[in-house]
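**Student:** what follows is a predicted structure for the sequence shown.
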Amino acid sequence: MAWTEELLMAQAQRSYELGRLRRTVKDSWAVALVVTVGLLRYSDFLLTAAAAAVLFIATTLFSWRGEGWSRAIWPGLAAGAFPLVVPSLAPAKSVCWIAGSCWPVCSLLCPLSGLVAGLALGALASREDAGKLPMLVGSTLVAGLTGAIGCALAGAMGVAGMVVGGCLGFVPVYLGAKIARMHA
Amino acid sequence: MDRAERAALQQSMVRLADGDRSAFSPLYKLLWPVMRVFVHRQLPPSDAEDVAQEALLKVFASASRFDPARDALAWALGIAAFEVRTARKRRARRKEELVEPLGLPDPHLLEDDAIVDRHLEAAAFEVLGTLRPLDVEALQCAIRGRPPPVSAAAFRKRVERAIKRLKLAWRAKHGVD
């Protein structure tokens, strides 16, 4: 072997990156669990598969990149667990009348669980040490994708409802904390 | 390595484990000379450089698994020590493989042995020729497994005496047993 100093440094860098890539399994295994939950409930398969693929790529990339990005994965998965699980708790044929329209309860649970996820992410992001951009973007993306797999049960409308609910939960908490810090 | 360098190494390793790539270069500069000296002290120069480089690559490959609660230098040298041990085992195996062919009989040695055997046989026949015909017959019967001309007990006694006389004759001629 006996490489020159420059080559050895390049090889060491390569070893480090490959080591990090192998290490991503410790985060990305959870995607399999999320996908299993999504598929067990006979959700929209294409929507579930697309969200799962993007979620897997995102968790692998974030875990490999490290720092705030990798720290964003588990809080994101935890926040996304609400819209992943809650919509499926509604009875299959239960409906609800809102403003003269009939809505399946599971569709209504998507924005509601999104709201809870948004509140959780907003509280996390407003913490001074965790409020950095990678953490914020990473956890929001992971939570959104995890929730999308759950809300695929109600189709594209369910996913859109979850996003709206999430924004409604996140923005006031995050902005409120920012303003409070500015005045402190 | 002084205390400040060791602290810098610890800090760089923790940062690199977290994914901060800017810590790579300072860590490399601090770690490589230490690991190199450590391995060179324990292995012959022909192997040391390769083993040191292999150990360094393993340290960086495992850097993302580094536990910040541990001492970075001790951790890295632990990996280097493992590599040294592996290299020593490899080296010992190589030596065994080189020694093994020597364990096989050398054709020249075989030739020498055959000459010695021939000399011994000739000397034995020479001594045998000095014994009484009765003793020679008893020994020939015992060696070739032929039926004894007398009773078994008498034959055993005769063979014993013949061997005793053969020993005496051998000692008289060659001075050794």
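**Tutor:** Done, it's in.

**Student:** contacting residues around residue B:58?
**Tutor:** Residues touching residue B:58, when contacts are defined by C-beta atoms under 8 Å, 6 or more residues apart in numbering or on different chains, comprise A:15, B:79, B:83. C-beta: built from backbone N, CA, C; applies to glycine.

**Student:** from residue B:58, how far out is the first one?
**Tutor:** With distances taken as C-beta to C-beta, to the nearest Å, residue A:15 is found 8 Å from residue B:58.

**Student:** helices or strands up against whichever helix in chain A runs longest?
**Tutor:** When chain A is scanned for its longest helix (criterion: DSSP state H), the result is helix A:155-183. Counting contacts by 3 or more C-beta pairs under 8 Å, 6 or more residues apart in numbering or on different chains; DSSP states H and E, helix A:155-183 is packed against helix A:45-65, helix A:73-85, helix A:105-126, helix A:133-151.

**Student:** just for chain B, where's the confidence low?
**Tutor:** Scanning chain B for pLDDT under 70 picks out B:96-123, B:173-177.

**Student:** residues of it that sit close to chain A?
**Tutor:** Taking C-beta under 8 Å from any C-beta of the partner chain as the criterion, chain B approaches chain A at residues B:16, B:18-20, B:24, B:28, B:32, B:49-50, B:53-54, B:56-58, B:60-65.

**Student:** now the contacts of residue B:58 in a markdown table, with neighbour count, secondary structure and distance to residue B:11?
**Tutor:** Compiled in a markdown table, the contacts of residue B:58 are given as follows (neighbours: other C-beta atoms under 10 Å in any protein chain shown; DSSP: H, G, I helix; E, B strand; the rest coil; distance: C-beta to C-beta, whole Å):
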| residue | neighbour count | secondary structure | distance to residue B:11 |
| --- | --- | --- | --- |
| A:15 | 18 | helix | 21 |
| B:79 | 19 | helix | 19 |
| B:83 | 23 | helix | 25 |
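
**Student:** include distance to residue A:89 when you put those into JSON lines, please.
**Tutor:** Below are those laid out as JSON lines (distance: C-beta to C-beta, whole Å):
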{"residue": "A:15", "distance to residue A:89": "47"}
{"residue": "B:79", "distance to residue A:89": "49"}
{"residue": "B:83", "distance to residue A:89": "54"}
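
**Student:** ok, of the residues of chain B next to chain A, which come out buried?
**Tutor:** For the residues of chain B next to chain A, burial is judged from neighbour counts taken by 16 or more other C-beta atoms under 10 Å in any protein chain shown, and it is met by B:16, B:18-19, B:24, B:28, B:32, B:49-50, B:53-54, B:56-58, B:60-64.

**Student:** follow-up on the earlier one: list the buried ones in the longest helix of chain A?
**Tutor:** Taking 16+ other C-beta under 10 Å as the neighbour-count basis, helix A:155-183 is seen to contain the buried residues A:158-163, A:165-166, A:169-170, A:173-174, A:177.

**Student:** quick one, what contacts the residue in chain B positioned nearest to chain A?
**Tutor:** With distances taken as C-beta to the nearest C-beta, chain B approaches chain A most closely at residue B:19, which sits 1.4 Å away. Taking C-beta under 8 Å, 6+ apart as the criterion, residue B:19 is in contact with A:20, A:65-67, A:69-70, B:64.

**Student:** near chain B, which residues of chain A are found?
**Tutor:** Remark: the part of chain A in contact with chain B comprises A:1-3, A:8-9, A:11-13, A:15-16, A:18-20, A:23, A:65-67, A:69-70, using C-beta under 8 Å from any C-beta.
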